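Colleague: the following comprises the amino acid sequence and a computationally predicted model.
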Amino acid sequence: MQQSTSDQPTVVPGMENLILHLAADQLNCFFPMFQRGVTMPAMVGCTLKSLLCDQFAIPADYVTDRITTIFIDNHPLDDLERTIIRDGSRVTLSAAMPGLVGATMRRGGYYAALRQGISHITESGTSAGKSGTIRLKLFNLLLAELGPLVLAHGLILEQDELKDLGKILPGQLADSPSGTSRVLLTVLFNE
């Protein structure tokens, strides 16, 4: 999946912006961060499908066909169009996972009924258009496929996260802002 180069980087008022241009082979440096979870700016109060397709520019057919396992606030879910994203929501995305656990957690899968007691309960109501943040985790094949899109959208990093990233990417963060507690990092990859 290609990152969109025509889109302008996300801007968060009151937050310092840092834009990195890296070689494509440096994407894997971000995989541990994606698996732990990254904070991203988002318009909240929308559906999960709107967040993924409209805000993060992930094609709808990719969301439907490739992202087979989704958790919201640590609960598996099946309905992307009625799940409302709240400020601070934790969203976990994965491609198909092996075994019975993978089959049970798969969105709309045959064994989804086995997790009825732990599944996300769809809520009604919205407050669309409100700025907020989400915490996103990516796993397995989605790391490489969605990583560039996520990084092009921007990550909100605390100073300690920025310092840790500086250890992985020596010399790349020399111009990083230092007087603010949080930084919006946008990463674009050279072809």
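Modeller: Arrived safely, thanks for sending. Note that the structure is predicted; figures quoted are calculated from it, not measured. Residues are numbered from 1 along each chain as shown.

Colleague: how about the helices in the chain?
Modeller: Taking DSSP state H as the criterion, the chain carries its helices at 31-36, 48-50, 60-65, 99-105, 142-153, 159-168.

Colleague: so which bits of the first one are buried?
Modeller: Neighbour-count burial for helix 31-36, with 16 or more other CB atoms under 10 Å as criterion, is recorded at Met33, Phe34. Heads up, the C-betas are built off the backbone N, CA and C, glycines and all.

Colleague: would you map the strands across this structure?
Modeller: Here the chain has its strands, by DSSP state E, at 16-23, 38-44, 69-72, 75-76, 90-94, 130-138, 155-158, 182-190.

Colleague: pick out the shakiest of those, pLDDT-wise.
Modeller: Comparing mean pLDDT across those, the weakest is strand 75-76, with a mean of 84.

Colleague: counting contacts, what elements does that one pack onto?
Modeller: With contacts taken as 3 or more CB pairs under 8 Å, 6 or more residues apart in numbering; DSSP states H and E, strand 75-76 sits against no other helix or strand.

Colleague: mind listing what it pairs with, with the direction of each?
Modeller: Sheet partners assigned to strand 75-76 using DSSP bridges are listed as strand 69-72 (antiparallel).

Colleague: starting at the chain centroid, how far to the partner strand?
Modeller: 12 Å (CA atoms, centre = their mean, to the nearest Å).

Colleague: OK, contacts around Leu185?
Modeller: Neighbour list for Leu185: Leu18, Ile19, Leu20, Leu151, Gly154, Leu155, Ile156, Leu157, Leu162, Leu165 [criterion: CB atoms under 8 Å, 6 or more residues apart in numbering].

Colleague: buried members of those residues into ChimeraX, please.
Modeller: Selecting in ChimeraX just the buried members of the contacts of Leu185, where the criterion is 16+ other CB under 10 Å, is done with this command:
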select :18,20,151,154,155,156,157,162,165
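
Colleague: quick one: low-confidence parts of this structure?
Modeller: Within the chain, the stretches falling below the threshold (pLDDT under 70) are 1-11, 13, 96-128, 174-180.

Colleague: list the contacts for the most centrally placed residue in it?
Modeller: The residue at the geometric middle of the chain, judged as the C-alpha nearest the mean C-alpha position with CA atoms, centre = their mean, is Leu136 (3.8 Å). Taking CB under 8 Å, 6+ apart as the criterion, Leu136 is in contact with Phe34, Gly37, Val38, Thr39, Met40, Val91, Thr92, Leu93, Val150.

Colleague: so the third one touches Val150, yeah?
Modeller: Yes. At 7.0 Å, Val38 and Val150 qualify as touching, with contact defined as CB atoms under 8 Å.

Colleague: pretty sure Ala95 sits against Leu138.
Modeller: No. Under the criterion of CB under 8 Å, Ala95 is not in contact with Leu138, lying 9.6 Å apart.

Colleague: give me the number of residues near the closest residue to Leu146 other than its chain neighbours?
Modeller: Excluding the flanking residues, the one nearest Leu146 by CB to CB, 6 or more residues apart in numbering is Leu138, at 5.8 Å. Counted with other CB atoms under 10 Å, residues neighbouring Leu138 total 25.
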